[in-house]
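J.: how would this look folded up:
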Amino acid sequence: MTQKYIQQLKEYAFFRGLSLDEIKTFYPFMELHQAREGEMIIREGDKGNFMFLLLEGEVEISQPLTLPMSPGARDTREKTFIRLTHAHHPFIGEMSLIQPDVPRSANVKAIKPCIIGLFKNSDLETLAEKYPRIGAVIMKNIACKLANDLRTANQNVLKLTTALSIIMD
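T.: Model prediction:
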């Protein structure tokens, strides 16, 4: 990993609470990957075993608009929830670090050429066993992101039920 990314990693919430030396322990575990414009980095429904840090570029996160009405049916209409650039310092796909056998919940596509830092769930286990403090801090950071995402989802459900109740009245 180049020096360029070393300083950048401090800005990611994934590493909040860790020193630069502790962040450097990730180097042997992180794989750099280039994603072409339009490339699907994560596909909803696939089982995943990694998360990634968006180091350069822009991605779009989307999901189908409706649940499938029959087995094998797929809604091809998608709703884009958010576009993120590396300036947001996002980490994406963290649920697969905790539950690698559970299908992914959204699609992530490169909108512009990207450089991402992949981190596999098996590496998190290895890192946590070797460096328990770092593992604990990382797990706390993942839990904080999931809690914030849950709060947002709860607010969206409340907005949706409010809109439906207005329509039904």
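J.: C-alpha only now, for contacts and for neighbours.
T.: Noted.
J.: can you pull out the strands in the protein?
T.: In the chain, the strands defined using DSSP state E lie at 31-35, 40-42, 50-56, 58-64, 78-85, 91-92, 107-110, 114-120.
J.: worst mean pLDDT among these?
T.: Note on the strands of the chain: strand 78-85 shows the lowest mean pLDDT, a mean of 83.
J.: tilt between that one and strand 50-56?
T.: Counting by axes from the mean of the first three to the mean of the last three C-alpha atoms, to 10 degrees, strand 78-85 lies at 60 degrees to strand 50-56.
J.: next, the angle strand 114-120 makes with strand 78-85.
T.: For strand 78-85 against strand 114-120, the angle between stretch directions is 100 degrees (the same axes, to 10 degrees).
J.: where does pLDDT dip in this protein?
T.: Residue ranges of the chain with pLDDT under 70: 1-3, 67-68, 71-78.
J.: one more time with 80
T.: Counting by pLDDT under 80, the low-confidence segments of the chain come to 1-4, 27, 64-81.
J.: which residue ranges of it form helices?
T.: For the chain, applying DSSP state H gives helices covering 3-9, 20-24, 95-98, 121-130, 132-168.
J.: out of the ones you listed, flag the one nearest residue 35.
T.: Comparing those by their distance to residue 35 (C-alpha to C-alpha), the top pick is helix 3-9, with 16.7 Å.
J.: can you give me the buried ones in the closest one?
T.: Residues of helix 3-9 classed as buried: residue 9 (neighbour count, 16 or more other C-alpha atoms under 10 Å).
J.: no further questions, thank you.
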